[in-house]
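Peer 1: mind folding the following:
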Amino acid sequence: GEQKTTAALVVNELPPYFKEELKNEKATEGGTVALSCELTKAGAPVEWKKGHKMLKPSDKYKMRQEGPITELVIQDLNVKDAGDYICLCGEQKTTATLAVKEMPALFKVELKSEEALEGGTATLHCELTKLTASVEWKKEHKTLKPSAKYKMR
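Peer 2: Residues are numbered from 1 along each chain as shown. So this is what the prediction gives:
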């Protein structure tokens, strides 16, 4: 006979997961670092966090996704950028720790010898590569402290 049967096939889509996890990175202050991971599906939506703070694209953070690979680029690194970074995709997440090596402060403008009249004022000036560097002024081996005689800023 002419018997016939039909059935419906339902294919349940699996959620994307991380095929390649984030890796811990070390970078140098002032530099750039890229954190990347690979998902099982191209174009799956992801979110990036540093600790509990959600990251948004900016001059500091660039987010790229090419096929299944997603990347967070952190530019102009400073020591405050060190910490745990998380890439979230639905219920899935991967974490990496970023370590940032601090660079020493260097002289941008060095001291120049000055001549002054007795009883007059002499101004000595230098400039450093870092605003946060602590500066100590010395005369021979004696550390100078701010006073009526020495003004420091």
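Peer 1: ok, the longest strand along the chain: who's next to it in the sheet?
Peer 2: The residue-count maximum for a strand in the chain (DSSP state E) belongs to strand 92-101. Sheet pairing of strand 92-101 (DSSP bridges) gives strand 25-28 (parallel), strand 83-89 (antiparallel).
Peer 1: can you list these in CSV and add mean pLDDT and distance to residue 103?
Peer 2: C-beta: built from backbone N, CA, C; applies to glycine. Output for these, formatted as CSV (pLDDT from 0 to 100; distance: least, C-beta to C-beta, whole Å):
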stretch, mean pLDDT, distance to residue 103
strand 25-28, 97, 7
strand 83-89, 97, 18
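Peer 1: just send these back as CSV, with mean neighbour count and distance to residue 64 too.
Peer 2: As requested, the strands paired with strand 92-101 are exported to CSV (neighbours: other C-beta atoms under 10 Å; distance: least, C-beta to C-beta, whole Å):
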stretch, mean neighbour count, distance to residue 64
strand 25-28, 14, 16
strand 83-89, 18, 12
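Peer 1: make CSV out of these and add distance to residue 138.
Peer 2: Formatted as CSV, these follow (distance: least, C-beta to C-beta, whole Å):
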stretch, distance to residue 138
strand 25-28, 30
strand 83-89, 37
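Peer 1: what's the pLDDT at the closest residue in space to residue 129 that isn't next to it in sequence?
Peer 2: Take residue 129 and drop its neighbours on the chain: the residue closest to it by C-beta to C-beta, 6 or more residues apart in numbering is residue 106, 4.6 Å away. We have a pLDDT of 85 for residue 106.
Peer 1: next, count neighbours for residue 106.
Peer 2: 11 (other C-beta atoms under 10 Å).
Peer 1: now the residue nearest to the spatial centre of the chain: closest residue in space, sequence neighbours ignored.
Peer 2: Geometric centre of the chain, nearest residue: residue 81, 3.7 Å, by C-alpha atoms, centre = their mean. Distances taken as C-beta to C-beta, 6+ apart place residue 100 nearest to residue 81, at 5.4 Å, with adjacent residues excluded.
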